[in-house]
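>>> next comes the sequence, and after it the predicted model I'd like to discuss.
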Amino acid sequence: MAKKVASFADKVAKDAKKVIATCPQCGAPIQVAQLVVSKKSEETGSWRYSKKSVKICKCNEKEIYAM
């Protein structure tokens, strides 16, 4: 028999249900997001992008989204 293939919407919904941890301060679930920051290089004058994974909860979401 053919194997059922999950659609993109099914995969996103499945990932959204996963809670890795809860914040010890506010008790809200922690979500992991990728933060991309652009910086202009002083040497070449071109734009550089740096990526890092950030844990977001109710305590720090305003500070992270304001960047």
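Nice, thanks for sending it over.

>>> and the residue nearest the centre of the chain?
Nearest to the geometric centre of the chain sits Ala33, at 0.8 Å (Cα atoms, centre = their mean).

>>> hang on, that one packs against Lys51?
No: counting by Cβ atoms under 8 Å, Lys51 is not a contact partner of Ala33; they are 10.7 Å apart. From N, CA and C alone the C-beta is placed, and that goes for glycine too.

>>> who does the longest strand anywhere in the chain touch, helix- and strand-wise?
The longest strand of the chain (DSSP state E) is strand 29-40. In terms of contacts (3 or more Cβ pairs under 8 Å, 6 or more residues apart in numbering; DSSP states H and E), strand 29-40 is packed against strand 21-22, strand 47-56.

>>> touching the worst-scoring helix or strand of the chain on mean pLDDT from outside, list them.
Sorting the helices and strands of the chain by mean pLDDT, DSSP states H and E puts helix 8-17 at the bottom, at a mean of 72. With Cβ atoms under 8 Å, 6 or more residues apart in numbering as the test, helix 8-17 has contacts from Ala6.

>>> CA atoms only: put that helix into CSV for me.
What follows is helix 8-17, C-alpha atoms only, in CSV (Å, rounded to 0.1, in the frame of the first residue of the first chain):
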residue,chain,number,x,y,z
PHE,A,8,2.8,21.1,4.7
ALA,A,9,-0.1,22.4,6.8
ASP,A,10,-0.1,19.0,8.7
LYS,A,11,3.6,19.3,9.4
VAL,A,12,3.3,22.9,10.6
ALA,A,13,0.4,22.0,12.9
LYS,A,14,2.3,19.1,14.4
ASP,A,15,5.4,21.3,15.1
ALA,A,16,3.2,24.0,16.7
LYS,A,17,1.9,21.5,19.2
